[in-house]
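[1] Take this sequence and fold it.
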Amino acid sequence: MSYSESGFYHLGFDVGTERVHSALIDEEGALSRVYPSRNHFGNPSSVINDVLNDARENGLEEKLRISFTGSGGEIFADSTNSTFFHDTVTIPSGASYLSPSASYVFHIGAKDPYFFETSSINLNEKLRLYIPDSSTGTKCGGGSGMLITKQCRRFFENEVPFEVDPQAHIELMYQKAYELAIQADKELDVGGRCGVVIQSDMIHLQNSGEQIKNIIRGMFERVARNYKTDVIRVRSLDPEKLGVMTGGVASNEYILRMLRKHLDLPIELSPYHSSVGAIGAALKSRESGSSSIFISSGLDTILKSEKEGISYVEPLSSVLSKINIVDDIDDFEKYKNLSISRSRFSNLLNPQVVMGVDGGSTTTKTVVLSAENLETIASGITSTHGKPLEAAQLLFGQMREVFKDSVDIRAVAYTGSSGSFYHKLFTKPSNNGHASMDLIKDEITCHAYGVKHFRQDVDTIFELGGQDAKFTVFNNGSVKKSKMNLSCMAGTGQTMENMMKMIGLNYDTFEEYALRATRTPVVDDTCGVFTEAAIAKLITLGLPKEEIAAAIAYGFIGGYVNKFVGNESTGNCISAQGGPFNNRACLAALALHTNKQINAFPHRQLFGAYGAALIAHQSLQESLKE
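    Residues are numbered from 1 along each chain as shown. The predicted structure is shown next:
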């Protein structure tokens, strides 16, 4: 690409929640180059430096006038002596430049949706852009782009081969979601205005057996409907005027189609739709005659003052002494996704067993107990990946490989968000000549049975799953109080995992990083959406990955303790249960928030399935008495 020898070039950066967009405008106002939009994976400075290095290699370093926009742009502008423009200015500027005949701009980014009505006004014999009307979504109603990214990761991360380039990997997941949506054959009403509620509803739909293609289509339709209700609201748009869609979500042709349907007017896809903010920033820099000199060293000392404004508490590692992790003394052998007690299996005098199945939002668990003495014969756990039927079939198939036909499953109890679905699919009227003993039981009861069988003096349960949060207090062995979360607090475990992936960690590496942090940043824990936004800001500020990991654990566990549990009284023997509490960082965050001694018993992720198996055994025994 050739560049002019004379004149300045205006380089605009749009630093978003997930991506960095950049574009170059020459002194005459011509678009010289639009750089590929790139996911920054928590390190925007790296992407910005790559673009600047490319400009240097083309001899533009002394000719650049640099400006920033976007949710993270002001930080970089202040640190590098550059100009900052709000995205409410740059988005309509870029969109009107690319699509001058459009009267409406419909923008949906990773976090913020906008609407602009555009016109022009004559000032000093020059036509200037004029915005007679504009609107944005509410803080809770935003996040459409991030919502789609999270769900693509949840559904397809293990189906799409990982590419050397993480950018290519995530683009393939987006494409997979679109290809499935256009195959949908059923309309589903997914969620509501809040991104967390939408995620919660999607998980419950998949666990009730709905096909992923229909759930994805429902999510896309919900994004379009939410844009109309939350951003357009009661406005009456002229169907004769042309609209243009911009932002990263505009890449999704299905959502564009849905937006046309719900707004009932022609909408075209803007060229370089993801980069309109960056193009607008470069245009405003040229228009304002910016002469500021970019200070590249500012990237290395970015937002020191902002960082100094962050509050911290002690490191998670400082409260590890408050965690009592009880080791499993049983000798189990691993077989694929199962843990098998070969000795107990071979010594079974009575081949009759009972089974508990816990169909969770992120994992599916099963436990097999001897019907004679309630010893654990086997247990299994696998990721659900949005496919509850396949997850259960996988575990059942592995059980058959091990047991063949040598056991007689007399009763099965199902629990979890897929419990009813499993019961409907797998229950037969009779089993080996016996009347069916299969049943469904609620999760709170199953978790209580499971832990009480292991440790009778447990009087408080903190239970956190991928989707649901629960809290139970006992008095003299009986349940004194129990509660389960509302949808607005749902998905805590799943949301934590999504944030881990944003910074390139899984549960194992997350624990290591979070416990290495020498201090813990405090973030807003009043709502999962607000916690995500606060974590995104820490990423933009360039905090060490260790501190971000600690903030994720402390923030999301804080939402559970402070908002959901609240001022409820606790007992003296606390059990932390569910998948997230397999992680020492989450256990430490719980101890830090409650200032209590926390017990982490073996099988704490399996207590739901374990309790279900015990209830199945109880039902079996009662039937034998009749």
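
[2] Low-confidence ranges, the stretch 51-200 of the chain, go.
    Counting by pLDDT under 70, the stretch 51-200 of the chain shows low-confidence ranges at 139-143, 158, 161-167.

[3] And the helices in it?
    All helices of the stretch 51-200 of the chain, identified by DSSP state H, counting those that start in this stretch, fall at 73-80, 87-98, 144-156, 166-181, 195-207.

[4] from the chain's centre, how far out does the longest one sit?
    The reference is to helix 166-181. On the basis of C-alpha atoms, centre = their mean, to the nearest Å, helix 166-181 is displaced by 16 Å from the centre of the chain it belongs to.

[5] which residues touch it?
    38-39, 41, 148-149, 151-153, 155-157, 159-163, 212-213, 216-217, 220, 251-254 (C-beta atoms under 8 Å, 6 or more residues apart in numbering). (Glycine included, C-beta is placed from N, CA and C.)

[6] Adding mean neighbour count and distance to Asp468 as columns, could you present the helices of the stretch 51-200 of the chain in CSV?
    What follows is those, written out as CSV (neighbours: other C-beta atoms under 10 Å; distance: least, C-beta to C-beta, whole Å):
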stretch, mean neighbour count, distance to Asp468
helix 73-80, 22, 36
helix 87-98, 24, 36
helix 144-156, 24, 16
helix 166-181, 17, 25
helix 195-207, 25, 9
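
[7] Just put the ones you listed in TSV and tack on distance to Phe426.
    Formatted as TSV, the helices of the stretch 51-200 of the chain follow (distance: least, C-beta to C-beta, whole Å):
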stretch	distance to Phe426
helix 73-80	54
helix 87-98	51
helix 144-156	24
helix 166-181	26
helix 195-207	14
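
[8] For Lys261, find the nearest of those.
    If you check each of these against Lys261 by C-beta to C-beta, helix 166-181 wins as the nearest, at 14.0 Å.

[9] Taking helix 144-156 as reference, get the angle to the closest one.
    Between the axes of helix 166-181 and helix 144-156, defined by axes from the mean of the first three to the mean of the last three C-alpha atoms, to 10 degrees, the angle is 80 degrees.

[10] Nearest to Tyr130, out of the helices of the stretch 51-200 of the chain?
    Comparing the helices of the stretch 51-200 of the chain by C-beta to C-beta, helix 87-98 comes nearest, at 9.6 Å.

[11] Show me what the closest one is packed against.
    strand 9-15, strand 64-69, strand 104-108, strand 113-123, strand 126-136, strand 243-246, helix 276-288 (3 or more C-beta pairs under 8 Å, 6 or more residues apart in numbering; DSSP states H and E).

[12] Quick check: the gap between Val561 and Asn252.
    37 Å (C-beta to C-beta, to the nearest Å).

[13] neighbour count winner among those two?
    It is Asn252, of Val561 and Asn252, that has more neighbours when counted by other C-beta atoms under 10 Å, with 24 against 21.

[14] you'd agree that one is up against Ile148?
    Yes: if you go by C-beta atoms under 8 Å, Asn252 and Ile148 touch, sitting 7.2 Å apart.

[15] Tell me, please, the helix or strand in the chain that averages the lowest pLDDT.
    strand 430-431 (a mean of 58; mean pLDDT, DSSP states H and E).
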